[in-house]
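Trainee: Sequence and predicted model, in that order:
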Amino acid sequence: MKRVCLLLILALVLALSVASAHAFPFPYTDVRGQALGGAYVAAAKGVGSVNYNPAGLARGRMFEFVAPATVRFDDHIDIDAKLTQIENITGGQDFATWAPGATTTDLDQIVSLISQLNVSGENSIDLMMYASGGVSLNVFNFAGAVSYNYEVIASMITSMDTINVNTASSTATTFISNNTSTLLFKGLEDRQVVLTGAKEFGSYALGANLRQIQAKTYATSLALFNNTNPNIKDELTKNGKSESATAIDVGLQFELLPTLRGGVVGKNINSPEFTLPGTAGTLELESRYRAGIAWDLPIVMVVADLDLTTTTSLSGAEFREMAVGAEINLVGIQLRAGFSQNLALDSANALIHAGFGVGGFLDVAASADADGKSISGGAAISLKF
């Protein structure tokens with residue numbers, strides 16, 4: 001069963017090359033920012049800042065090109081391990097056949113796992129993939145950029161049947177072999193053309209994005225027990241729905257002291273919305289706001305960010321993150337580290353981030369929590385002069 005679930009998530013991603021109001025963790029759209037724990041609102045500059053804080057574009061060089069790719073995976077209650085336990089207990093057998101002859105101990109373990117997978121707001125896996133390419137030109141005290149973004153967002157949510165959990169009598173209508181627990185899958189694939197403008201006004205800079213989004217949404221479900229293992233790719237794509245929308249981002253960076261800068265950004269301030277297939281509802285890209293500071297010294301930079309709003313993923317998991325990070329500039333190489341914590345989810349572990357930059361043309365980053373429930377990675381190449 002675990003393999004089927006993981007294949008469904010993978011198939012969603014492959015099929016794409018191929019919501020209630022919702023948003024997601026603040027996306028890692030810049031690899032340098034990812035290595036700094038995601039604390040980049042005040043530190044962002046150049047074309048890499050476009051999808052983090054467009055005001056940072058004004059502080060870039062005359063010409064820049066950047067192409068980042070990142071991925072983030074969050075398993076909020078260790079679903080993978082629990083589905084593996086179910087598979088091990090049943091021996092991979094058909095559940096309706098296995099349950100009547102199973103021991104009470106084994107059946108009670110299944111009931112316990114059903115209960116553990118029934119934690120509202122934490123019963124999910126969230127996946128985000130992002131890739132982009134952008135160019136910018138900064139002349140006559142005005143910076144402009146054009147970017148193309150590709151993004152995949154997918155969630156798997158457990159919808160557990162806590163009524164049909166009788167383990168005492170195999171003839172009862174509520175016997176566990178009749179359990180109808182379900183795994184729900186929702187996804188969004190989008191391609192965006194982003195136009196960005198930014199300008200410095202003395203000690204502060206303003207910037208804005210106009211993003212034209214062409215999106216396709218997906219939704220399907222799979223029985224946790226007694227499923228017939230349908231063709232995964234067909235199940236995900238047969239009800240795909242295509243739509244387009246426009247989104248607007250606005251950002252500000254300002255100088256507090258010669259070495260201390262602040263920043264604030266509002267993303268999706270017009271809250272674009274997409275319809276999920278069938279009766280799965282809508283997916284709204286929520287307006288979200290984030291603020292940060294950056295203490296920038298000749299060799300060391302220290303940064304911190306805080307989400308000013310709480311957002312909710314497709315799966316119902318809430319996110320409101322704080323992040324801190326630091327960068328040390330050596331000759332030809334930058335060493336980075338950071339820390340981030342989801343303040344809105346009690347069960348969320350802190351993430352440790354690390355990364356490096358080489359020669360101003362290559363950046364690499366990764367993060368993970370202590371249990372491996374949340375991981376991310378990214379790399380970017382760039383050209384600046």
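Mentor: It's in. Residues are numbered from 1 along each chain as shown.
Trainee: Every contact and neighbour count from this point should use C-alpha atoms.
Mentor: Fine.
Trainee: Give me the below-cutoff pLDDT ranges for the stretch 151-300 of the chain.
Mentor: 226-239, 278-280 (pLDDT under 70).
Trainee: Run through the strands of it in chain order.
Mentor: 182-201, 204-223, 241-257, 260-267, 273-275, 282-285, 288-296, 300-307 (DSSP state E, counting those that start in this stretch).
Trainee: In a markdown table: those strands, plus mean neighbour count and distance to A58.
Mentor: Shown next, in a markdown table, are these (neighbours: other C-alpha atoms under 10 Å; distance: least, C-alpha to C-alpha, whole Å):
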| stretch | mean neighbour count | distance to A58 |
| --- | --- | --- |
| strand 182-201 | 21 | 5 |
| strand 204-223 | 21 | 7 |
| strand 241-257 | 19 | 10 |
| strand 260-267 | 23 | 13 |
| strand 273-275 | 19 | 30 |
| strand 282-285 | 20 | 26 |
| strand 288-296 | 22 | 16 |
| strand 300-307 | 22 | 19 |
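Trainee: Could you check how many residues crowd around L113?
Mentor: Per other C-alpha atoms under 10 Å, the neighbour tally for L113 reads 16.
Trainee: circling back: now distance to D78 too, for the strands of the stretch 151-300 of the chain, in TSV please.
Mentor: Formatted as TSV, those follow (distance: least, C-alpha to C-alpha, whole Å):
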stretch	distance to D78
strand 182-201	14
strand 204-223	19
strand 241-257	30
strand 260-267	30
strand 273-275	29
strand 282-285	25
strand 288-296	27
strand 300-307	25
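Trainee: quick one, which of these is nearest to A102?
Mentor: Proximity to A102, assessed across the strands of the stretch 151-300 of the chain by C-alpha to C-alpha, is greatest for strand 204-223 (20.0 Å).
Trainee: Counting by contacts, list what the closest one packs against.
Mentor: strand 182-201, helix 232-237, strand 241-257, strand 273-275 (3 or more C-alpha pairs under 8 Å, 6 or more residues apart in numbering; DSSP states H and E).
Trainee: Need the ones you listed in TSV (columns: distance to M156).
Mentor: Converted to TSV, those look like this (distance: least, C-alpha to C-alpha, whole Å):
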stretch	distance to M156
strand 182-201	5
helix 232-237	12
strand 241-257	18
strand 273-275	18
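Trainee: thought T275 was touching G281?
Mentor: Yes: using C-alpha atoms under 8 Å, T275 is in contact with G281, at 6.3 Å.
Trainee: on that earlier part again, right, and the helices and strands packed on strand 204-223 - which one's nearest G377?
Mentor: So among the helices and strands packed on strand 204-223, strand 182-201 is nearest, using C-alpha to C-alpha, at 19.3 Å.
Trainee: quick one: that closest one to strand 204-223, angle?
Mentor: Between strand 182-201 and strand 204-223, the angle comes out at 170 degrees (axes from the mean of the first three to the mean of the last three C-alpha atoms, to 10 degrees).
Trainee: just so I know, which of the helices and strands packed on strand 204-223 lies nearest D296?
Mentor: strand 241-257 (10.1 Å).
Trainee: Run through who's touching the closest one.
Mentor: Under the contact criterion C-alpha atoms under 8 Å, 6 or more residues apart in numbering, strand 241-257 has outside partners 42, 53-56, 203-218, 261-277.
Trainee: Repeat the analysis, applying 7 Å as the threshold.
Mentor: Defining contact as C-alpha atoms under 7 Å, 6 or more residues apart in numbering, one finds that strand 241-257 is touched by 42, 53-56, 203-218, 261-270, 272, 274, 276-277.
Trainee: Could you check which helix or strand contains L107?
Mentor: Element membership for L107, per DSSP states H and E: helix 104-116.
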